[in-house]
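Participant: show me the folded form of this:
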Amino acid sequence: MASSLTCAGVVWAFLSFLCAAASCVGFFMPYWLLGSQLEKSVSFGTFRRCSYPVRDESRQMTVMVEQCGRYASFQAIPSSEWRICTVVTGLGCGLLLLVALTALMGCCVSELISRTVGRVAGGIQFLGGKCSCGEGMGV
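Facilitator: Here you go, the predicted structure:
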């Protein structure tokens, strides 16, 4: 099994994969914001929520649904800012995962990653990291 990476490149590939996996898991989990509503613990992320209020028309009151789930549609995400956050974070995670998997393939295939490709991949990874981490500051 030949590699086109140096020792530092192999370490970078494995750390990249671990970071991309952690970013993707964080993106899919609904625990971005935690709180309580109607005396129940609630949490939600960009496109998932747990324990959310719904209007019960038969009883004419608001009740808490104590389960986790996705929003029914993209438009059901509560605000345009959260929709933008969902798209940007998803793109960032996708970029990070693409670069990490390519780097891992470079550990097994010779002449897959050159110095130029490594630099471009690092730039894409930086951009992906900024997309998946940086938008949460302003929302």
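Participant: any chance you could map the strands in the protein?
Facilitator: Applying DSSP state E to the chain gives strands spanning 33-37, 40-44, 48-56, 61-70.
Participant: could I get those strands as a markdown table with mean pLDDT, distance to Arg119 and mean neighbour count?
Facilitator: For glycine as for every other residue, the C-beta is placed from the backbone atoms N, C-alpha and C. Formatted as a markdown table, the strands of the chain follow (pLDDT from 0 to 100; distance: least, C-beta to C-beta, whole Å; neighbours: other C-beta atoms under 10 Å):
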| stretch | mean pLDDT | distance to Arg119 | mean neighbour count |
| --- | --- | --- | --- |
| strand 33-37 | 79 | 37 | 11 |
| strand 40-44 | 80 | 38 | 17 |
| strand 48-56 | 79 | 36 | 15 |
| strand 61-70 | 81 | 38 | 12 |
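Participant: and these: which comes nearest Cys107?
Facilitator: strand 48-56 (33.2 Å; C-beta to C-beta).
Participant: and the closest one with strand 33-37, angle?
Facilitator: 20 degrees (axes from the mean of the first three to the mean of the last three C-alpha atoms, to 10 degrees).
Participant: strand partners (parallel or antiparallel) of strand 48-56?
Facilitator: strand 40-44 (antiparallel), strand 61-70 (antiparallel) (DSSP bridges).
Participant: save those as TSV, and put in distance to Ile124 too.
Facilitator: Below are the strands paired with strand 48-56 laid out as TSV (distance: least, C-beta to C-beta, whole Å):
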stretch	distance to Ile124
strand 40-44	30
strand 61-70	28
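Participant: which one of the ones you listed lies closest to Cys24?
Facilitator: The nearest among those, by C-beta to C-beta, is strand 61-70 at 15.7 Å.
Participant: contacts for that closest one, please.
Facilitator: Identification of contacts with strand 61-70 by C-beta atoms under 8 Å, 6 or more residues apart in numbering yields 30, 37-38, 40, 42, 47-56.
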